[in-house]
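> show me the folded form of this:
(3 chains)
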Amino acid sequence: MPVPDIEEFMARAYAMELEAQERYTLFAEQLDTHNNREVAQMFRKLAQIESLHARRILEEMRWPSIPALPPAYAWESTEGPETAPPDAVHYLMQPWHALQIALACEQQAQKYYEDIAAAQVPQAVRAAALEMAGEEREHVRLIQDWMKRVPQPPAGWDADPDPPRASE
Amino acid sequence: MNAPGVALPAARDFKSDYKPVWCPGCGDYSVLAAITKALAALELRPENVALVSGIGCSSRIPAYTTCYGFHGVHGRALPVATGLKAARPELTVLVASGDGDGYSIGGNHFLHACRRNVDLTYIVMDNHVYGMTKGQPSPTTEPDWSSKLAPGGTGLREFHPLVIALASGANFIARAFSGDPNGCAALIAQAVRHPGFSFIEVLSPCVTFRPEQRNWKTQVRPAPVSPTDDPGRAARRLITDDGFNIGVLYQGSRAPLRAADGGAQPIEELECRFRI
Amino acid sequence: MHDQSRHASVSVALAGSGGAGVMTAGNLLLEAAAQAGYYGLMTRTSGPQIRGGEAAAMLRLSTFASDAQDDRFQVLAAIDWQNVQRFAAELPLGPGSLVLGDPAQGEPPQAFLGSGARLAPVPLKALAAQVAGGWPNMVALGLLAGLMGLPREALERAIAKSMKKGVEPALAAARLGREQALALPGFPLAAAPARAARWLITGNEAAGYGALRAGVRFVAAYPITPATELLEYLSPALAKVGGTLVQAEDELASINMALGASWGGVPSLTATSGPGLSLMIESLGLGVAAEIPVVVVDVMRTGPSTGIATKSEQADLGAALYGLHGDAPHVVVAPNSLADCLAATEWAVGLAESLQVPAIVLSDQYLGQARGVVDAPPGANAAVARAKSQGGEGYRRYALTASGVSPMAIPGTPGATYTADGLEHNERGTPSSQASDHLAQMDKRARKLEQLDPGEAWASVEGEGETAVITFGSCTGPAREALARARAAGEKVRLVSLRLLAPAQPQRLARALEGVRRVLVLEQNHSGQFLRYLRGEYGIRAEMRSLRRPGPLPFRPEEIHRALTEWSRA
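Residues are numbered from 1 along each chain as shown, chains lettered A, B, ... in the order given. Okay, the predicted model is just below:
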C-alpha cells in the first residue's frame, strides 16, 4: 500500500505496536482467567516489548500528543501485521505455543517493513523502514533463542480429562 | 446528548474492569472490542448507552462494558429493549444475543422486532451452536452436525436469519465476522447510525464446541455487491446467500417507530369520563 | 303504593340474542339509575359467539352501594328465549319473581318456570313495530324502568346522552314499554340516597385509572379475556397524559417490555389473565432478582388452562403467591370491590416503585367487567417515587441497606452504570455464585418486604363478634351483605377481607381475630387455595371451616348467611 510520508509511516508503525500490545494483553487476561499463569506471564512480557517499541516511536517522533489513529486502520489484511490472530490461543496452551505465535507476528512485521523499504517510497521512509525491519529481525532472533530454552509441548498437551461445564 | 466540553471517551473507556470468562480464542472477545470501538467512534458516552442481552455466552457481554447493562432471561432481550426504547427514546440501545437465544427461544420476538422497526441495533453472535449449555444444535447449525441430543445431525434445514429479517421488515441487515474486529466495528457503527431496526449477524466462532470454525476465516468474503435499498433485490441475494458474505446487505428507508408525542393533560381530567 | 312495598334493592335481567341489543339496553338502564341518584351494578353473561349469540344483562339497582349480586332476580325479561336456559344457574328466580316474555317467541324454558316465578306475556316485538325504527330492547328498557319506578326523566336523559342515533324512536319505544309496566306487579325502588359525587365505571377502568394516578406511563399490552378492556382503556388515556402503550406479540414480550421500560425509569404495567400470568412468571422472577418495579394486573378467570374465559374464579392465588421458581418474594394485592380496583392498583404501583419489586394485582372477571355506580374515590396521594441514585465513586446498585431497598441508578445517569442481572450477584451487581452473596441478597430481598408497614390498607376489617368471615377479592361484596343481614338479625359477625396477600401480615390478622372462635374461610375456587394459604402463613387458632366453590357462579349473600347461621347452631 502507498505510504506517502514519514509521519504517516511512523503513525502506522505506532498503531501496529499498540495493536500488537493490546492483543498480547488480551491473551494474558484470557489465560489468567483460565489459570494458565505461565503463558499469561509470557504474553504480558511480549506485550511489554511491544509497548516499549511503541514508546520509542513516540519519543523519536516527538509528537506533541499521541497521534489520532482512526478506529479501523486500513491494513492489507483485517488487522496489523504484528497482531496475533484472535483465535491463536488455547486454554491449555504451552509457553512454546506463545512463542510460536510471537515468532509469526515478528516475521510478518519484518516482511511488512522490508516490503515498504523495497517499494517506491521517499528516502526518509525507506531509511525508517529498513531500521524497523532490522529491529524486527532482531526480535525474531530473540524469540527463536527463547524458543530453544522452552520445552516443546508433549503430544496430548491439549488433552483435558474433564468434560466441559455449563456455568449458566 | 453528551455534555459539551468534556473529553470524549475512547474505546477503552467502554470496557469495564470485569474480565470476560469466555474461552481463550472465542470470537466474542473481538465483538466486545468492536462494540467499544464503534461506541467511541460514534462519540457516545457510556451512561447514554444501554446494552440489553438474554442468556448465553454472547449475552454475558453487557457487564464487560461500562454502559448500562441488562442481562435478562433467555430469549427476551428484544422486548426488554423495545420497552426501554419506547420509554427512553433518547438512549442508544443495543441488543446482544446468540443464535440460540436469538433465533430459537427468541425467534418470535425477532420477527416482531423487525416489524416494529424501533430504533435498536441487534447484534447476534452466531456460532452455530448452544455453547453455554455444552454443545447442542442451534437453529443455524448444519443439518449433519452430530451432537448428543441429535446424533448424526438434526436433519433440519438451517434457519436463515437475514432472509427472515428482511421479510419481517428490518431496516438494516448486515453480516460481520469477528475475525475482522475493525470491519466489525465499522459495521456496528453504521448499524447504530442507521435509523430503525438494524440487524447484524456476527459470525463468531466457538473454539470449544465448533473448533472447525477456525476455517471460517478462509470462507468469509466481502459481499460481492454493494448494499441495496430495494427489498426485492435484497431478497434475491439473501435467499441464495451462503452465510459467508460480509458487509451491509440491505439498507432500507422505513421510518422508525417512534412513540407519538405525548399529551400533557393533567391526570384528573381523565375523571370526566366516569363522573355521573 | 305503601312505603313497605318499596325496595332497597331490585335485580332485573334482560336476555336475548342475535342483535337484540340487551347489553345496550342494560347499560342504558344502569345509566338511568345513575342519573336518578341510585347505586347500580351491571354484569353480563353470553354464549361463545363473538356477535349475535344469546346474552343476558344482569342489573341490580339499589339505595346502597354493593358489589354483590342479590340472592335472586325480581324480574327476568327476554326478547327471545333462544338458548337462554344456558344462563339458568346465573339467573336464580323465586316465587316472588316475574318472568316477562314475548308470546311471539314461545314459552320460556322450564328452567325458569320451575322456580315458581309468575309469567307475564309482553308483546315486545309487536309493540316495537308500532314505532318507526323502534326496537324491542328499548320497549323492554322502558318496561323495566317502569317496573322499578325509575323517574322517566332519568331514563330519557340517559337515552339522549348515550345513544348515537335513533334517539327519538328509542324514546318512543321506551315510553310504550313504560306504559306496559302499569299493568304489571312492580318492584318500586325506595327513595334514592342523598346526592353525592359518584362515578360510573368498570373494575378494569378503575384499575387502569388507579395505575395512571400512581404514575404509570408505560404499558405493554397483549389482549386476553377478561383483561383486554383494561388495556384498551389505557391506550388513549396514556396518550393524553404523555405515556405510551405498546402492543406486544405475546405475554412473554409484554412483561419484558414493561421490565425494560421500568428499568429505564418509567413506572410500568401490564394486564393479563391466568394463562398470561403463567407465561409471565419466569420474567416476574427476573424482576425480583434484578429488583425492578413492575405491576401485573391479573384479571382472574375460571381455570385451569383455557378454562372459561368469560367467567370469574379466584384460582390464581397459588400461582400469584408461589408460582415463581426459587425463593422470589414479591407483592400480591387483591382489590375487594369494584371501587377498590382503583385504590388497590394505585397502592400496588406505589409498593412496586418504593420496594423495587414486581407486584401482582389479583382482580377478577367479576370485578373487572362489572360496571357500577361507586362513590367518587378520594383524591390521589402523591405518586410514590422509587429511590434513585446519582451514582458516584463505588456505587453499589444492590448495596445491603438496613431497609433492604438500595437506590437505583437510572440509565442516563453518569458515573452509575451497572448491569441489572437475573443471575445472583454481589452488592455491585457482578454475577456471583458465592454462598455469602446469595444469602446476603436473599436476605435483602426478603427484608424489603418484611419491613413493609402497610398500615390500615392491609385488609378491610369490619364488625365484631366471635365468628368471622375471612375472604379476599370479589367474595367480599356478598360477604358484606351477608354480614349486614346477620347484624340486622342481632348476630355478631366480623369480616376480614385481606387486601395485602404478600407479604403476609400474621400479626395484624392475629389482632383482627382476637376473641374470634370460629372462622369461615370464603373463596371461589375448588381446592381451597386461600384456606391452605391461611393455614400456611398465619397461625389461626380459631376453628376454621371452608365455604368454597369454583367459578363461574358468584356467591350470593344468603348462602354465606346460611352457612354462618348453621355453624353457630352446631
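> distance between the helix or strand harbouring B:V95 and the chain's centre?
With secondary structure defined by DSSP states H and E, B:V95 is part of strand B:92-98. Chain-centre distance of strand B:92-98: 5 Å, with C-alpha atoms, centre = their mean, to the nearest Å.
> ok, it: who's next to it in the sheet?
Strand B:92-98 sits in its sheet next to strand B:49-53 (parallel), strand B:121-126 (parallel), going by DSSP bridges.
> could I get those as TSV with mean pLDDT and mean neighbour count?
For every residue, glycine as well, the C-beta is placed using N, CA and C. Shown next, in TSV, are the strands paired with strand B:92-98 (pLDDT from 0 to 100; neighbours: other C-beta atoms under 10 Å in any protein chain shown):
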stretch	mean pLDDT	mean neighbour count
strand B:49-53	98	29
strand B:121-126	98	28
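> B:A264: how many residues sit nearby?
Per other C-beta atoms under 10 Å in any protein chain shown, the neighbour tally for B:A264 reads 8.
> repeat for B:V248
21.
> which residues touch it?
B:F172, B:I173, B:A174, B:L187, B:Q190, B:A223, B:P227 (C-beta atoms under 8 Å, 6 or more residues apart in numbering or on different chains).
> any idea which of the residues you listed is closest to chain A?
Comparing those against chain A with C-beta to the nearest C-beta places B:L187 closest, at 9.9 Å.
> is it true that that closest one touches B:I200?
Yes. Counting by C-beta atoms under 8 Å, B:L187 does reach B:I200; the two are 5.9 Å apart.
> what do the two both touch?
With C-beta under 8 Å, 6+ apart, B:L187 and B:I200 have common neighbours B:A174, B:A176.
> from one end of stretch C:502-515 to the other, what's the distance?
25 Å (C-alpha to C-alpha, to the nearest Å).
> let me see the mean pLDDT of that stretch.
Mean pLDDT, stretch C:502-515: 97.
> who touches it?
So stretch C:502-515 is contacted by C:320-321, C:329-332, C:449-450, C:452, C:454, C:458-459, C:461, C:466, C:468, C:494, C:496, C:498, C:519, C:533, C:537-540, C:542 (C-beta under 8 Å, 6+ apart).
> of those, just the buried ones, PyMOL syntax please.
Entered in PyMOL, the line below selects the buried ones among the contacts of stretch C:502-515, by 16 or more other C-beta atoms under 10 Å in any protein chain shown:
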select buried, chain C and resi 320+321+329+330+331+332+449+452+454+458+459+461+468+494+496+498+519+533+537+538+540+542
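> how much space between C:A380 and B:I267?
Distance of C:A380 to B:I267, computed by C-beta to C-beta, to the nearest Å: 7 Å.
> anything in contact with each of the two?
C:R213.
> tell me the contacts of residue 37?
Answering for chain A, as no chain was given. With C-beta under 8 Å, 6+ apart, A:R37 has these contacts: A:L31.
> that's the other chain; I wanted chain C
C:A192, C:P193, C:R195.
> name the member of these with the most neighbours.
C:A192 (17 neighbours).
> which SS state does residue 80 fall under?
If you meant another chain, say so; for now it's chain A. coil (DSSP: H, G, I helix; E, B strand; the rest coil).
> count the residues that sit near it.
A:G80: 23 neighbours (other C-beta under 10 Å).
> thought it was touching A:E22?
No. Taking C-beta under 8 Å as the definition, A:G80 is not a contact partner of A:E22, at 10.1 Å.
> can you pull the contacts of the residue nearest in space to the middle of chain B?
Nearest to the geometric centre of chain B sits B:I123, at 1.6 Å (C-alpha atoms, centre = their mean). Residues in contact with B:I123 (C-beta under 8 Å, 6+ apart) are B:V31, B:I35, B:L94, B:V95, B:A96, B:S97, B:I188, B:A191, B:I200, B:V202.
> how does it look with 7 Å?
B:L94, B:V95, B:A96, B:I188, B:I200, B:V202 (C-beta atoms under 7 Å, 6 or more residues apart in numbering or on different chains).
> which positions in the stretch 51-200 of chain B make contact with chain C?
B:52, B:62-63, B:66-73, B:76, B:79-84, B:86-88, B:91, B:108-109, B:112 (C-beta under 7 Å from any C-beta of the partner chain).
> drop anything exposed from those residues.
B:52, B:62-63, B:66-73, B:76, B:79-84, B:86-88, B:91, B:109, B:112.
> keep only those of those residues that are in helices.
B:P79, B:V80, B:A81, B:T82, B:G83, B:L84, B:A86, B:A87, B:H109, B:H112 (DSSP state H).
> what's the weakest-modelled helix or strand in chain C?
helix C:110-113 (a mean of 92; mean pLDDT, DSSP states H and E).
> for the very next helix or strand once past it, name the packing helices and strands.
Sequence order places strand C:118-121 as the next helix or strand after helix C:110-113, per DSSP H and E. The contact analysis (3 or more C-beta pairs under 7 Å, 6 or more residues apart in numbering or on different chains; DSSP states H and E) places strand C:118-121 against strand C:98-101.
> including distance to A:V150, could the strands paired with strand B:92-98 go into CSV?
CSV is the format used below for the strands paired with strand B:92-98 (distance: least, C-beta to C-beta, whole Å):
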stretch, distance to A:V150
strand B:49-53, 40
strand B:121-126, 35
